[in-house]
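Q: Here's a sequence, model it:
(4 chains)
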Number of protein chains: 2
Amino acid sequence: MKKTTEEYRSKCPLSIALELIGDKWSLVIVRDLCMGKSKYGDFQSSPEGIPTNILASRLRQLEENGIVIKEPYQDRPTRYAYFLTEKGADLLPVLQQLVIWTQKYVPDCLTPPEIFSQITPQDLLRKRER
Amino acid sequence: MKKTTEEYRSKCPLSIALELIGDKWSLVIVRDLCMGKSKYGDFQSSPEGIPTNILASRLRQLEENGIVIKEPYQDRPTRYAYFLTEKGADLLPVLQQLVIWTQKYVPDCLTPPEIFSQITPQDLLRKRER
DNA sequence: ACAGTTACTTGTTTTTTACAAGTGGCTATA
DNA sequence: TATAGCCACTTGTAAAAAACAAGTAACTGT
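A: Residues are numbered from 1 along each chain as shown, chains lettered A, B, ... in the order given. Model prediction:
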């Protein structure tokens, strides 16, 4: 993936963020990871119905960008579980603000579990360690 | 544009937010509006170089979604200036969190003017009234 | 041996984005 | 009064990305 600021459209931090995670699916996957999902099938079964090839390609990109890491959870065949890195967990405040905004302006959308608005990026990483 | 939650992929507030503003350009335009830009040419001259047809179509969408309003600033020919609504101004915290994230993880990106991190959505609307 | 599960990949169509060029309504200059 | 220029777009087309459908590999369990 992108490495130096030279390769971005501009050096504006907002614009760079959008090039990294500003598509329709990346943050949906990050949301699922925040909620403790970790396997391919978990992401696929989310209500939004992400196409399987898009899911595979986003997981690859997120890994390349250091937002997730994958770790084998079984052999024969080797299968990987995905987790947020610190960089990925630090996207939580972005998600939380997006949720606050939608709740304020889109009537009839769901309220996420209370824990979601209370948790911090550090909590996500600590949960991982146990 | 979309009106009821029926039409979204899911009722998850995060997913809905991404359907409304989760593309590569909408938040770049919102950023410019936060910085006081208001005319078509202002947006076009931003360093990211948004294609002109995309700009026109995004302004239309943002208006349909109640994030911006346009007001004529001259006659013969009638020309419109664009401004954030309350709904649009309330995206500021999202932008601010995205900026914090990028600053932390992408070396060498720019630091926005100090005012950007200190301002509130209310400030943006008050500025508009004067 | 055969059905089922999981995590993908491959091929094709549809949609979105990008790039280049053109248009309409005016103003200012020669 | 031609003509050049500016501004805010629109139109046409090519390239890229997303969506959809199907298939594959490596197992497990019956």
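Q: contacts and neighbour counts: CA atoms only from here.
A: Will do.
Q: hey, where'd the strands end up in chain A?
A: A:68-74, A:79-84 (DSSP state E).
Q: Return the most buried member of these.
A: Ranked by mean neighbour count under mean count of other CA atoms under 10 Å in any protein chain shown, the strands of chain A are led by strand A:79-84, which reaches a mean of 18.
Q: Next one: that strand, is it in contact with chain B?
A: No. Using CA under 8 Å from any CA of the partner chain, strand A:79-84 never reaches chain B; the gap is at least 14.4 Å.
Q: how about that strand, does it get close to DNA strand C?
A: Yes. Applying CA under 7 Å from any atom of the strand, one finds strand A:79-84 in contact with DNA strand C at A:Arg79, A:Tyr80, A:Ala81.
Q: Run through who's touching that strand.
A: For strand A:79-84, contacts defined as CA atoms under 8 Å, 6 or more residues apart in numbering or on different chains pick out A:30, A:33-34, A:38-40, A:67-74, A:125, A:128.
Q: same thing with stretch A:53-66?
A: A:1-2, A:20, A:25-26, A:43-44, A:68-70, A:85, A:87-88.
Q: Can you flag which of those residues belong to helices?
A: Under the assignment DSSP state H, those contribute A:Leu20, A:Ser26, A:Phe43, A:Gln44, A:Lys87, A:Gly88 to helices.
Q: distance of the closest residue to the fifth one other than its chain neighbours from DNA strand D?
A: The spatial neighbour of A:Lys87 that comes closest, neighbours along the chain excluded (CA to CA, 6 or more residues apart in numbering or on different chains), is A:Ile67 at 5.4 Å. Counting by CA to the nearest atom of the strand, to the nearest Å, the gap from A:Ile67 to DNA strand D is 17 Å.
Q: What of A:Lys24?
A: From A:Lys24 to DNA strand D the distance is 6 Å (CA to the nearest atom of the strand).
Q: Is there a neighbour count for that residue? I'd like the number.
A: 19 (other CA atoms under 10 Å in any protein chain shown).
Q: Could you pull up the residues touching it?
A: Contacts of A:Lys24 (CA under 8 Å, 6+ apart): B:Leu18, B:Glu19, B:Gly22, B:Asp23.
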